[in-house]
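Asker: only geometry, no sequence info:
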């Protein structure tokens with residue numbers, strides 16, 4: 001970290017022609033992520049979105065509406081809808097403990113997170129949770145009702161969140177680690 005700071009390094013990309021570290025006993029934990037520079041215009045950010053994703057977002061915007069919940073308007077009732085949906089879509093019996101959800105709610109109340117809900121009519125069909133640290137935003141989680149996945153809720157919510165992040169003056173958005 002010190003070396004990077006001293007040399008104004010903001011990103012590092014390494015590529016091996018083959019997985020050399022595993023030959024020396026290291027475990028391959030390759031990960032990839034994407035950081036979106038929110039200092040760019042919405043138009044420039046939009047240009048970096050894959051055509052197929054943008055098509056899905058445009059289609060969803062005709063059907064869905066978004067609501068954003070932060071420290072100024074989050075309620076236990078709204079957060080409870082997110083929590084219930086997360087439990088509903090849990091793949092196995094291991095659902096986050098209620099204490100974890102309590103902490104997530106407190107993070108929003110303290111101004112260190114926000115929740116974006118997607119509605120079809122009057123019904124929430126999906127949510128995404130985001131963490132804030134200074135001017136940086138980190139993707140937390142998503143939940144979408146199984147019978148509403150064809151509405152591209154997740155892509156829609158991501159775009160709504162990006163617009164909100166820009167309004168709030170965030171500098172970057174880490175969309176999350178993807179294990180390869």
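Answerer: That came in fine, so what should we check first? Quantities reported herein were computed from a predicted structural model and do not represent experimental measurements.
Asker: show me the shaky parts of this protein.
Answerer: Across the chain, the ranges flagged by pLDDT under 70 are 1, 10-21, 26-31, 91-94, 177-180.
Asker: residue nearest the centroid of it?
Answerer: By CA atoms, centre = their mean, the chain has its centre lying nearest to residue 139, at 2.8 Å.
Asker: confirm residue 143 sits in a strand?
Answerer: Yes - residue state for residue 143 (DSSP: H, G, I helix; E, B strand; the rest coil) corresponds to a strand.
Asker: distance of it from residue 112?
Answerer: 20 Å (CB to CB, to the nearest Å). Heads up, the C-betas are built off the backbone N, CA and C, glycines and all.
Asker: tell me the SS of the spatially closest residue to residue 148 that is not a sequence neighbour?
Answerer: In this structure, residue 148 finds its nearest non-sequential neighbour in residue 125, 4.1 Å apart by CB to CB, 6 or more residues apart in numbering. Here residue 125 is strand, with the state taken from three-state DSSP.
Asker: for residue 125, give me its contacts.
Answerer: In this structure, residue 125 makes contact with 64, 118-119, 144-145, 148, 151, 153, judged by CB atoms under 8 Å, 6 or more residues apart in numbering.
Asker: mind doing that once more with 7 Å?
Answerer: 118-119, 144-145, 148, 151, 153 (CB atoms under 7 Å, 6 or more residues apart in numbering).
Asker: among these, which are in helices?
Answerer: Among the contacts of residue 125, the ones falling in helices (DSSP state H) are residue 153.
Asker: quick check: the farthest pair among the contacts of residue 125?
Answerer: 119 and 144 (12.3 Å; CB to CB).
Asker: who has more neighbours, those two?
Answerer: Using other CB atoms under 10 Å, the more surrounded residue of residue 119 and residue 144 is residue 144, with 21 against 15.
Asker: next, the contact list for the more buried one, please.
Answerer: Per CB under 7 Å, 6+ apart, neighbours of residue 144: 125-126, 153-154.
Asker: buried ones among these?
Answerer: Among those, the ones that count as buried by 16 or more other CB atoms under 10 Å are 125-126, 153-154.
Asker: in CSV, list the residues you listed along with distance to residue 36.
Answerer: Below are those laid out as CSV (distance: CB to CB, whole Å):
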residue, distance to residue 36
125, 24
126, 20
153, 19
154, 15
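Asker: against residue 77, how distant is the residue nearest to residue 148?
Answerer: From residue 125 over to residue 77 the distance is 17 Å, taken as CB to CB.
Asker: many thanks, have a good one.
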